[in-house]
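Visitor: coordinates only, sequence not included:
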């Protein structure tokens, strides 16, 4: 039976979503094409109807996952983001969690094209987070960007360190608790130190 163009696009999107989840769970080298296609419900041979190589799928799946992370951050203030991100639920939900925390270590050893996808994804996440900070002036915007980069780096690092510990380890939970508290304290100080917005002249 001939597959329609619309069905082929749906199949491709399903493969990409499946790959994004499995890569987050196991890393880029932790799952092969045959296993990935089986998880998506397709045969191994069908892979090359959609992608030239595993590297192409890795890039597309990463873009997909990074977009999801940025979308989840939209509408959240910095403190809300930290409470959700630096959490046990996020740490334990590798397959559904942040692509940055799950795959940054892997991406650092990949070609420049994939690193470029990560750079764009991180930038989009920073933009989504910075949008929630009321920063009308150029100086305020620079300060907000600095604060968001610092916050994101600490949050991602907290998840990565916690996941590196054995499941159920007291240290794994301690890392999250300490980092979440320190990040929130730093955010509170940073926001309180920013100058108040000036009223428009009349």
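Guide: Nice, thanks for sending it over. Fair warning: this is a prediction, and the values are worked out from it, not measured in the lab. Residues are numbered from 1 along each chain as shown.
Visitor: what about the spatially closest residue to residue 158 that is not a sequence neighbour, neighbour count?
Guide: In space, and not counting its chain neighbours, residue 158 is closest to residue 179: 3.6 Å by C-beta to C-beta, 6 or more residues apart in numbering. (Each C-beta comes from the backbone N, C-alpha and C, glycine too.) Per other C-beta atoms under 10 Å, the neighbour tally for residue 179 reads 19.
Visitor: How about residue 128?
Guide: Other residues near residue 128 number 19, with proximity taken as other C-beta under 10 Å.
Visitor: Also residue 112?
Guide: Residue 112: 8 neighbours (other C-beta under 10 Å).
Visitor: returning to that earlier point: just to confirm, which helix or strand has the residue nearest to residue 158 in it?
Guide: helix 170-193 (DSSP states H and E).
Visitor: I'd like to know the average pLDDT value across that helix.
Guide: Averaging pLDDT along helix 170-193 gives 90.
Visitor: Please point out which parts of that helix sit buried.
Guide: Across helix 170-193, burial judged by 16 or more other C-beta atoms under 10 Å covers 172, 175-176, 179-180, 183-184, 187, 190.
Visitor: How about stretch 39-59?
Guide: By neighbour count with 16+ other C-beta under 10 Å, stretch 39-59 contains the buried residues 40, 42, 47, 50-51, 54, 57-59.
Visitor: For burial, what's the neighbour tally of residue 96?
Guide: Neighbours of residue 96 using other C-beta under 10 Å come to 15.
Visitor: what's it in contact with, if anything?
Guide: Taking C-beta atoms under 8 Å, 6 or more residues apart in numbering, we find residue 96 in contact with 21, 24.
Visitor: how close does it sit to residue 90?
Guide: 9 Å (C-beta to C-beta, to the nearest Å).
Visitor: And residue 22, by the same measure?
Guide: From residue 22 to residue 90 the distance is 18 Å (C-beta to C-beta).
Visitor: which strands and helices sit next to the helix holding residue 179?
Guide: Helices and strands touching helix 170-193, by 3 or more C-beta pairs under 8 Å, 6 or more residues apart in numbering; DSSP states H and E, are helix 78-85, helix 88-92, helix 138-164.
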